[in-house]
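**Student:** Predicted model follows, preceded by the sequence.
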Amino acid sequence: MFKYQDELEKAGYTVVQTADPLDPEDLKKTFTGTMDSNIYRTLELLGNPYNIKHPVHYPQVQNKPIEQKNYQWFVANDKASEEGRNTLGPDGEVLKDLTETSDYLPTLTRQPWRDE
């Protein structure tokens with residue numbers, strides 16, 4: 001019996017013990033081999049610091065101090081605010097999808113903010 005075996009079995013899990021310990025590399029190969037190729041590529045891009053080509057920060061609006069009123073980009077991008085004066089249009093902006101052939105991480109643009 002190993003630590004937490006009773007708790008796992010009470011929770012409905014089937015606990016199988018093997019004579020050989022599990023090899024993390026084998027587990028990784030099994031996991032990544034069954035993963036969706038787009039998700040796998042996304043994780044590769046995100047996990048490699050050399051793929052970061054631009055500063056990483058929350059979305060920002062143009063010509064505004066970047067450390068104040070951090071919410072303004074979200075207000076401008078929010079479809080619910082379409083009737084307001086500071087909007088980006090009916091579609092707003094979203095990050096582009098990453099696919100198995102992606103070779104960079106997408107970015108968002110700084111959006112204009114009109115104080116009217």
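**Tutor:** Received, thanks.
**Student:** Name the residues of stretch 42-51 that are buried.
**Tutor:** Neighbour-count burial for stretch 42-51 flags T42, L45 (criterion: 16 or more other CB atoms under 10 Å). The C-beta positions use only the backbone N, C-alpha and C, and glycine is treated the same way.
**Student:** Alpha carbons of it, as CSV, please.
**Tutor:** Listed next in CSV are the C-alpha coordinates belonging to stretch 42-51 (Å, rounded to 0.1, in the frame of the first residue of the first chain):
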residue,chain,number,x,y,z
THR,A,42,1.0,26.3,-28.4
LEU,A,43,2.6,24.8,-25.3
GLU,A,44,5.9,24.6,-27.2
LEU,A,45,5.8,28.2,-28.1
LEU,A,46,4.7,29.4,-24.7
GLY,A,47,7.3,27.3,-22.9
ASN,A,48,10.3,28.6,-24.8
PRO,A,49,11.5,32.0,-23.8
TYR,A,50,13.2,32.5,-27.2
ASN,A,51,9.7,32.7,-28.7
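**Student:** where's it relative to the chain centroid, distance-wise?
**Tutor:** Taking CA atoms, centre = their mean, to the nearest Å, one finds stretch 42-51 lying 11 Å from the centre of the chain it belongs to.
**Student:** Please apply the same query to stretch 60-79.
**Tutor:** How far stretch 60-79 lies from its chain's middle: 20 Å, per CA atoms, centre = their mean.
**Student:** do the same with stretch 53-69
**Tutor:** Computed by CA atoms, centre = their mean, the separation of stretch 53-69 from the middle of its chain amounts to 18 Å.
**Student:** What is the end-to-end distance of it?
**Tutor:** Start and end residues of stretch 53-69 are separated by 25 Å (CA to CA, to the nearest Å).
**Student:** which residue packs closest to T42, ignoring adjacent ones?
**Tutor:** Nearest residue to T42, sequence neighbours excluded (CB to CB, 6 or more residues apart in numbering): L98, at 4.3 Å.
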